[in-house]
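In: Structure for the following, please:
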Amino acid sequence: MSARKDEPQPIEDVLRQFTAINKLEKGLDNVKVVALWADLMGSGVQAYTSSVKLIGNTLHVSLTSSVLREELNYGKDNIIAMLNEGLQKESIKKLVLR
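Out: Here you go, the predicted structure:
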């Protein structure tokens, strides 16, 4: 981004270029997925969630309740689909519940 361009560009395009050049996409996706987990799963699940980390294509979620972990295990595909829809891209391929 050292050269200045004369024609105006939409801020969305400029920010997309900036994040791609500086390789910030993975970090931003990690922050987004933590917020999405809290919003989509609700306060009940969030109360038993100790950490949410996106490592590569795998989302690692640590839960303090084994009962909740088993219950969420049945809906892994739906959870992945909802999170990917919220991220607006297919970032998550696998969900690991610990």
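In: Would you mind confirming that Ile84 makes contact with Leu95?
Out: If you look again at residue 84, you'll see it is Asn, not Ile. No: in this structure Asn84 lies outside contact range of Leu95 using C-beta atoms under 8 Å: 10.7 Å. For glycine as for every other residue, the C-beta is placed from the backbone atoms N, C-alpha and C.
In: Please go through the chain and pick out the longest helix.
Out: In the chain, assigned by DSSP state H, the helix with the most residues is helix 25-47.
In: What ranges does the chain have for its helices?
Out: Secondary structure of the chain by DSSP H: the helices cover 11-21, 25-47, 66-73, 76-87.
In: export the third one as CSV, just CAs?
Out: If I follow you right, that is helix 66-73. The C-alpha trace of helix 66-73 is given here as CSV (Å, rounded to 0.1, in the frame of the first residue of the first chain):
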residue,chain,number,x,y,z
SER,A,66,-19.7,-33.1,30.2
VAL,A,67,-23.4,-33.4,29.7
LEU,A,68,-23.5,-30.3,27.6
ARG,A,69,-20.5,-31.5,25.6
GLU,A,70,-22.4,-34.8,24.7
GLU,A,71,-25.5,-32.9,23.8
LEU,A,72,-23.7,-30.5,21.5
ASN,A,73,-21.8,-33.5,19.9
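In: and for it, what are the contacting residues?
Out: The set of residues external to helix 66-73 that reach it, using C-beta atoms under 8 Å, 6 or more residues apart in numbering, is 45, 48, 63, 79, 97-98.
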